[in-house]
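K.L.:
Take this sequence and fold it.
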Amino acid sequence: MPVYAIGDLQGCLDPLRRLLDKLRFDPAADGLWFTGDLVNRGPASLATLRFVRNLGPQAVTVLGNHDLHLLAAAWAENRPLKKRDTLADILEAPDREELLEWLRRQPLLHYDPALDFAMVHAGLPPQWDLADARAAAAELETVLRGDRFVDFLRQMYGNQPDRWDPALAGIERLRFSINALTRLRYLRRDGSLDFDNQGPLSKAGEELVPWFDFPGRRSAGARIVFGHWSTLGYHAQGGVFGIDTGCVWGGRLTALQLDGEEPHHVECGPGLRPG
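P.N.:
Okay, here's the model as predicted:
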């Protein structure tokens, strides 16, 4: 059966429906992977979340930074909604708890050995191989699915530590891992995470390196599909595929057929970006 990885939805349900029609998606036979950020900024966050959840076991999603923001806004009183968020409908929905409980149990990284493909929302630090990344994701998933997940959500935010050290422990270890998996785009030359720059490669200075180009990256050779980086556009290089093509900003929504490494797109059109 074909398996398609689809880039960041961010509440854009109509383009997703059109893309699935274009793919002639068969929910009884085909598989879908979503790179995270199911919600926020777009016009239909609640409907999108319900739609993906109702796809059942044929669909796999990893958590993105906007999904985590929703969880923090719901449960961590120190993370209120922002002016441009489109999450209020979810927080006020009659099935709010059911949707949020489902969301917090989604993985941070998905790997399919049969396809030999991994999916993550943002990226991997150069010090991790794929086994390290899977172990770090599993640590986070245990916390998010556990009884003390609210404590983690309250302490999750912050840019430090910005460099991996196997000796990291507690919230510092978890914060580094979640930042890498859900926020990473660029690295500094010393291998530390940079969170100040999110523009296209053409505007990156010499001091910055995209995570997938870092010299000696230990995950090199693994096939990885990721989202999060709309200004990068569709990017296929050495088995690494970036598929966030900025649907919510009026760009395209992209699906990558993983068993053929073939991209498919639909235009999202103007008007999706909130004013």
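
K.L.:
The protein: strands as residue ranges?
P.N.:
Ranges of strands in the chain, per DSSP state E, are 3-6, 31-34, 59-61, 109-112, 117-120, 186-188, 193-194, 208-210, 224-226, 235-237, 240-242, 252-257, 262-267.

K.L.:
Between those strands, which one is closest to Ala133.
P.N.:
strand 109-112 (5.8 Å; C-beta to C-beta). The C-beta positions use only the backbone N, C-alpha and C, and glycine is treated the same way.

K.L.:
sorry, back to before: let me have the strands of the chain in TSV, adding mean pLDDT and distance to Leu49 as columns.
P.N.:
Output for these, formatted as TSV (pLDDT from 0 to 100; distance: least, C-beta to C-beta, whole Å):
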stretch	mean pLDDT	distance to Leu49
strand 3-6	98	14
strand 31-34	98	11
strand 59-61	97	10
strand 109-112	98	18
strand 117-120	98	18
strand 186-188	98	29
strand 193-194	98	28
strand 208-210	97	30
strand 224-226	98	21
strand 235-237	96	27
strand 240-242	98	23
strand 252-257	98	16
strand 262-267	95	20
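
K.L.:
For Leu91, which of these is the nearest?
P.N.:
Nearest of these (C-beta to C-beta): strand 59-61, 19.3 Å.

K.L.:
Off-centre distance for that closest one?
P.N.:
Centroid separation for strand 59-61 versus its chain: 11 Å, with C-alpha atoms, centre = their mean, to the nearest Å.

K.L.:
who's in contact with it?
P.N.:
Applying C-beta atoms under 8 Å, 6 or more residues apart in numbering, the contact partners of strand 59-61 are 31-36, 38, 52, 106-107, 110, 119.

K.L.:
re the thing from before, may I see the strands of the chain arranged in JSON lines, with distance to Arg154 and mean neighbour count as well?
P.N.:
Below are the strands of the chain laid out as JSON lines (distance: least, C-beta to C-beta, whole Å; neighbours: other C-beta atoms under 10 Å):
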{"stretch": "strand 3-6", "distance to Arg154": "31", "mean neighbour count": "24"}
{"stretch": "strand 31-34", "distance to Arg154": "26", "mean neighbour count": "22"}
{"stretch": "strand 59-61", "distance to Arg154": "24", "mean neighbour count": "20"}
{"stretch": "strand 109-112", "distance to Arg154": "23", "mean neighbour count": "19"}
{"stretch": "strand 117-120", "distance to Arg154": "24", "mean neighbour count": "25"}
{"stretch": "strand 186-188", "distance to Arg154": "27", "mean neighbour count": "21"}
{"stretch": "strand 193-194", "distance to Arg154": "21", "mean neighbour count": "22"}
{"stretch": "strand 208-210", "distance to Arg154": "31", "mean neighbour count": "19"}
{"stretch": "strand 224-226", "distance to Arg154": "27", "mean neighbour count": "26"}
{"stretch": "strand 235-237", "distance to Arg154": "35", "mean neighbour count": "13"}
{"stretch": "strand 240-242", "distance to Arg154": "31", "mean neighbour count": "25"}
{"stretch": "strand 252-257", "distance to Arg154": "33", "mean neighbour count": "23"}
{"stretch": "strand 262-267", "distance to Arg154": "39", "mean neighbour count": "16"}
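
K.L.:
How about the contacts made by the residue positioned nearest the centre of the chain?
P.N.:
For the chain, the residue nearest the mean C-alpha position is His121 (2.5 Å; C-alpha atoms, centre = their mean). Residues in contact with His121 (C-beta under 8 Å, 6+ apart) are 35-37, 62-65, 108, 181-182, 226-228.

K.L.:
where do the helices sit along the chain?
P.N.:
Listed in chain order, the helices of the chain (DSSP state H) span 13-23, 45-54, 65-75, 88-91, 96-104, 130-144, 149-155, 170-183.

K.L.:
Can you tell me which of the ones you listed is nearest to Gly238?
P.N.:
Gly238 lies closest, by C-beta to C-beta, to one member of the helices of the chain: helix 130-144, at 14.3 Å.
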